[in-house]
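Asker: How does the following fold in three dimensions:
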Amino acid sequence: MKLYNHIKNNKTAIVLLSLTTIFSSCSDYLDVDKDTDDPTIAPLNYLLTNIETSIGEIGDFNNGPGSVIATYTHQMTSREDQDQYSLKADNIPLNNDWNSIYLTLTDIQTLITQATESGDLTYVGIGQIQKAFVMAYAVDLWGDVPFTEATQLTTGIIAPKFDNQKEIYATVFKLIDEAKINIKSNAGTKKPGTDDLIYKGDLNKWIRFANTFKLKLYNQTRLTSDFDQAGFNALVAENNFFQGIGDDFQIDRFNVNSPTIERNRLFTESYESTQFGAYQSPWMYEILKGVNPNIHTGNPDPRMKYYYFNQTKAGATLPPDAISGNPNADYWDKETGFYTIRFGSTGPNRDKSQERSYTYPGIFPAGGRYDDGQGADVTTLSTRSGTGIAPHRILTYDEFLYIQAELIQVGKLPGNASTKLREAILASFIKVDQVVKGNQSLQTVPPLTTTAGTPAVTTGIAAVTTFIDKVITEYGAASANKQLEIIMTQKWVATFGDPTDQYTDYRRTGYPILADPNSTTKEYQLNNGDAFPLDDSQTVVSNPFQVSFYWPQPELNTNSSAPVQKNPATYKIFWDN
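Answerer: Below you'll find the predicted structure:
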């Protein structure tokens, strides 16, 4: 943690370290031509820490596009452009993400080059996996992007071409295979340890991540015409994937705010901001509550209190308008205190400042507060509002199980999809408990699972077991398409707070079903039993769903090799069917 805190995420730390080394290593300030330590080259361990910290920022909240993507996937809502699927080419969070990707890619290439020259192939392999991850992420959001010339500034290339997205993916698969060879070689005198923020130098876990990530990419491309069936079969036969939540690919966050912010970025964006950037989705909330008429009806999800913190006390009445008696809420459930705004709302209460009423992200997605039903004004709670300790989850064991369930359901893997779905849902509950246990909350938070026996077996508490049984019963009675919807919906729920892969999943499968403000059927089921029911005519969407994002306009303005700007509503990623 000390290394994490001191190196952090910008290149300034390494530059300052280098400058300090330059001045301290010279016995005489005029003796500048005898720098035998070559301090201008950053050590491999410092590079790795810096890279992994930067990877932790890609796709995250606060300065990144987390809220944007969470709104597109209806895990959250917003008052910004994303509320109407109308992101622009100058969107700051996405431009920040683009810049982070290419700064990180430059550092990764430096790591690979230096480690190759020194013969430290474990570092080479880790760098290659990271390069594969970053570039696959970029393709999944933008399609064609700079790659082969992106890190060639020192050779004079200042306007890198945009490579074909399918060709980039093909190289990503090759990079993963090469990475595994290099890591397994264990060659070199320098080996990662505490400088590896993700796996602490455990090379077996890096191999399992490489295989699990590769399976994820195969799953994304399974419907393309050039799907590599032989490569997929070989990976399945190798059967060396994630074994449990200890293999999760994630960046830990800490309750530290100085000298650098180490807290969960969604916590920072919500609990430590003077104004909300994103609100909790009533569409997702109604699915969790079990009132959506089309999926999981009558089956409330026990994770709700871990996902949301309601400032408004359950059962309490909002201060009404003095004249009409209207509670002045765009969406408020009196039964639980859940308070938010609807996607596409044009209602009169959408833009009111209600920071002391809105529901916050809870202890699981943000390291915030567990909802005990008592309500509280977050601004009066000080540190009791939460610690901000919750990881940036990127690819987790439960996600892997959902991927397997999908592959079985569509006939790509042998096995029982229902059994695998049950395993995945239970694993997602276990993940909630793991995050809560590490949160250091001052609240008393009940666990969702229990572990007993020899060998140890983890099971859900009664409410969890009932919930999972009902999902599996629903799955067993469903059509093939509905079964896929159930798998993808549960994966969407499990990854709340990490929305990037769900944006990919929705585009390639059409699931989960998202809120449609223009639907002719009733959109929300909320009924507080008062004289102010929701008016569905107050929700509209005027733009088609964007199936990719605009290339950042600053890149197009300065890169003479850049293509003409796309139409993100029609420009598809190659795996999008």
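Asker: From Ser54, how far off is the closest residue to Asp195 other than its chain neighbours?
Answerer: Of all residues beyond its chain neighbours, the one nearest Asp195 is Asn45 (3.7 Å), with distances taken as CB to CB, 6 or more residues apart in numbering. Backbone N, C-alpha and C define where each C-beta goes, glycine included. Asn45 sits 15 Å away from Ser54, going by CB to CB, to the nearest Å.
Asker: follow-up on the earlier one: looks like the residue nearest to Asp195 contacts Lys191 (just checking).
Answerer: No - the pair Asn45 / Lys191 is not scored as a contact, 9.5 Å apart, by CB atoms under 8 Å.
Asker: Which of the two has more residues huddled nearby?
Answerer: Asn45 (19 against 15; other CB atoms under 10 Å).
Asker: and that one, what is it in contact with?
Answerer: Applying CB atoms under 8 Å, 6 or more residues apart in numbering, we find Asn45 in contact with 190, 192-193, 195.
Asker: Where does it sit, in terms of helix or strand?
Answerer: Using DSSP states H and E, Asn45 sits within helix 44-57.
Asker: And for the nearest residue to Asp372 once chain neighbours are set aside, the neighbour number?
Answerer: Among residues not flanking Asp372 along the chain, Gln443 sits closest, at 6.9 Å (CB to CB, 6+ apart). Using other CB under 10 Å, Gln443 has 13 other residues around it.
Asker: tell me the contacts of Gln443?
Answerer: Contacts of Gln443 by CB under 8 Å, 6+ apart are 363, 369-370, 372, 384.
Asker: Check Asp330 too.
Answerer: Asp330 neighbours (CB under 8 Å, 6+ apart): 340-342, 345, 347, 349-350.
Asker: which among these gets closest to Gly156?
Answerer: Nearest to Gly156 among these: Ile341, at 50.5 Å, using CB to CB.
Asker: Surely the closest one and Tyr331 touch.
Answerer: Yes - contact criterion CB under 8 Å: Ile341 and Tyr331 qualify, at 6.3 Å.
Asker: Can you work out which residues contact both of these two?
Answerer: Counting by CB under 8 Å, 6+ apart, the residues touching both Ile341 and Tyr331 are Pro282.
Asker: picking up where we left off before, what's downstream of the helix holding Asn45, the next helix or strand?
Answerer: In N-to-C order, the element after helix 44-57 by DSSP H and E is helix 66-72.
Asker: Need the pLDDT of the closest residue to Asp516 other than its chain neighbours.
Answerer: Closest residue to Asp516 apart from its sequence neighbours, by CB to CB, 6+ apart: Glu523 at 7.0 Å. The model reports Glu523 with a pLDDT of 94.
Asker: sec struct for Glu523, please.
Answerer: coil (DSSP: H, G, I helix; E, B strand; the rest coil).
Asker: Quick check: phi and psi on it?
Answerer: phi -80, psi -50 (degrees, to the nearest 10).
Asker: do Pro361 as well
Answerer: phi -70, psi 140.
Asker: my guess is it contacts Tyr308, does it?
Answerer: Yes - here Pro361 reaches Tyr308: they are 7.0 Å apart, a contact under CB under 8 Å.
Asker: Could I get the full set of helices for the stretch 201-350 of the chain?
Answerer: Ranges of helices in the stretch 201-350 of the chain, per DSSP state H, counting those that start in this stretch, are 203-220, 229-238, 265-270, 282-289, 304-307.
Asker: possible to save those as TSV with mean pLDDT?
Answerer: Formatted as TSV, those follow (pLDDT from 0 to 100):
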stretch	mean pLDDT
helix 203-220	98
helix 229-238	98
helix 265-270	93
helix 282-289	98
helix 304-307	98
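Asker: Let me know which of these is the nearest to Ser542.
Answerer: helix 282-289 (18.1 Å).
Asker: what's in contact with the closest one?
Answerer: Counting by CB under 8 Å, 6+ apart, 74-75, 77, 292, 295-296, 300-301, 303-304, 307-308, 331, 333, 336, 338, 340-343, 489, 492-493, 496, 512, 514-515, 523-526 sit against helix 282-289.
Asker: How far does it sit from its chain's centre?
Answerer: On the basis of CA atoms, centre = their mean, to the nearest Å, helix 282-289 sits 19 Å off its chain's mean C-alpha point.
Asker: ok, now stretch 191-198?
Answerer: 22 Å.
Asker: Which members of the contacts of helix 282-289 are positioned in strands?
Answerer: Counting by DSSP state E, the contacts of helix 282-289 place 77, 308, 331, 333, 338, 340 in strands.
Asker: now, the most widely separated pair of those?
Answerer: Among the ones in strands among the contacts of helix 282-289, Thr77 and Asp333 lie farthest apart (CB to CB), at 14.7 Å.
Asker: Pick out whichever of the two has more residues nearby.
Answerer: Thr77 (29 against 23).
Asker: any idea how far that one is from Thr53?
Answerer: 30 Å.
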